[in-house]
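Q: Below: sequence and its predicted model.
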Amino acid sequence: MEQRIFSHDPVAYSSFSGKDVTNPAQLYQNITTTVKLKGKDVKVHAICTGTVAIKTAFRTKKAPGELAKLAILFDKHYTEYLPIWVWVIEHPDGLIVIDTGETAAIGDREKYLSKESAFMRFQARHVAKFKVSEKEDLSHQFDRMGLKIDNVQLVALTHLHLDHTDGLRFFPKTEIIVGDYEYKHPSGNMPTTYPHWFNPNKVQYKENRIEVFDKAYAITAAEDLLYVPTPGHTHGHSSIIFKTDDMDIIFAGDTSYQQEQVIKGELAGINADYKKSKETYRNLLAYASNRKTLYLPSHDENAGIRLRDRIFLV
């Protein structure tokens, strides 16, 4: 019998037939869709690099103001296992990767985080549980999908948290960009987990490059990929907007954990700046009201399905 697992999103669902739904690795399958860019086909891939369960108060703000962060530590309940998505665009300029996901190294957390501060190690032990197999590492995923790591022209990071940066180790020769403010003012990052060679290009937005968000950094010469400010989760968090012929796709990092949070105005408990998160939500909704927009956060259970089925934000 087919088993359906419904998420918090009332529109979309994940459907699994003959899969062990108690095994997080089987819940979220890679998805590829094709969009048009100047009349030509371009493939976009959603690649799941393992799963993470987080405290419910981490995902959803459960106390006023900064007390919300204290509530995370006292919360005894975890979410279901959520995907850790990486997005790959087979752009005419070359392969572009958005965030790099998690790796199996996180399985030995004590060793992996041994050089981090005692507070960060404590937080890592008590707010999140990862399940990542070696076959889910991005290098193996690329091999299975017929993609080549060496062909990646650019890696764009939305922010510097480890489940977005741990896959950097596969891209030692690739250009990597991150927002200048995010790099200089990170929050919640674990720099000892970065590769020793990590020295990304620190980019700055330019004014009047896009509606609603206003500021943007053009990733491609044609400016069909734009890096825009979406602060809140971290102070310098960014998202990437892909402007295709038929719709815009927002690769949203951790602006929210699910699309429904933006629609309802439900903030995450872990956010660095709740006021900025609210402003980012308003900008996302305003942008989507003017354009057909796919909104794809990195841990949304239904993001891959929305990409495949073109389910828009508003």
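A: On my side now, so go ahead.

Q: CA only for contacts and neighbour counts going forward, please
A: OK.

Q: how near is residue 290 to residue 282?
A: 13 Å (C-alpha to C-alpha, to the nearest Å).

Q: got a list of what residue 110 touches?
A: With contacts defined as C-alpha atoms under 8 Å, 6 or more residues apart in numbering, residue 110 is in contact with residue 121.

Q: Quick check: phi and psi at it.
A: Backbone dihedrals for residue 110, given as degrees, to the nearest 10, come out at phi -60, psi -40.

Q: picking that back up, ok, residue 290 and residue 282, which is more surrounded?
A: Each of residue 290 and residue 282 has its neighbours counted (other C-alpha atoms under 10 Å); residue 282 has more, 16 against 11.

Q: what residue ranges in this protein score low on pLDDT?
A: Per-residue confidence of the chain (counting by pLDDT under 70) places the weak regions at 1-26.

Q: so where do the helices sit in it?
A: Using DSSP state H, the helices of the chain run over residues 56-59, 67-74, 109-112, 118-127, 138-145, 162-165, 180-184, 259-264, 274-290, 303-309.

Q: Reformat the ones you listed as TSV; add distance to residue 44.
A: Shown next, in TSV, are these (distance: least, C-alpha to C-alpha, whole Å):
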stretch	distance to residue 44
helix 56-59	27
helix 67-74	35
helix 109-112	31
helix 118-127	31
helix 138-145	12
helix 162-165	18
helix 180-184	26
helix 259-264	19
helix 274-290	20
helix 303-309	9
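
Q: now for those helices, which one comes closest to residue 98?
A: For these, distance to residue 98 was read as C-alpha to C-alpha. The smallest value, 8.8 Å, belongs to helix 162-165.

Q: Pull the distance from the closest one to the chain's centre.
A: Counting by C-alpha atoms, centre = their mean, to the nearest Å, helix 162-165 is centred 9 Å from the centre of its parent chain.

Q: other SSEs contacting that helix?
A: In terms of contacts (3 or more C-alpha pairs under 8 Å, 6 or more residues apart in numbering; DSSP states H and E), helix 162-165 is packed against no helix or strand at all.

Q: okay, that helix in CSV with CA atoms only?
A: Presented in CSV, the C-alpha positions along helix 162-165 are these (Å, rounded to 0.1, in the frame of the first residue of the first chain):
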residue,chain,number,x,y,z
LEU,A,162,28.0,23.8,8.9
ASP,A,163,25.2,21.9,7.2
HIS,A,164,25.6,24.4,4.3
THR,A,165,29.4,24.4,4.3
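
Q: Residues touching that helix, excluding its own?
A: Applying C-alpha under 8 Å, 6+ apart, the contact partners of helix 162-165 are 84, 99, 100, 101, 102, 157, 158, 189, 190, 193, 194.

Q: With stretch 269-277 instead?
A: Outside of stretch 269-277, the residues that reach it under the criterion C-alpha under 8 Å, 6+ apart are 57-62, 65, 68-69, 72, 187, 230-235, 255, 267.

Q: let's see 6 Å
A: Stretch 269-277 is contacted by residues 57, 58, 59, 60, 61, 68, 231, 232, 233, 234 when judged by C-alpha atoms under 6 Å, 6 or more residues apart in numbering.

Q: hang on, isn't the third one packed against residue 266?
A: No. Taking contacts as C-alpha atoms under 6 Å, residue 59 lies outside contact range of residue 266: 9.5 Å.

Q: With adjacent residues omitted, what lies nearest to residue 31?
A: Leaving out its chain neighbours, the residue that sits closest to residue 31 by C-alpha to C-alpha, 6 or more residues apart in numbering is residue 46, at 5.1 Å.
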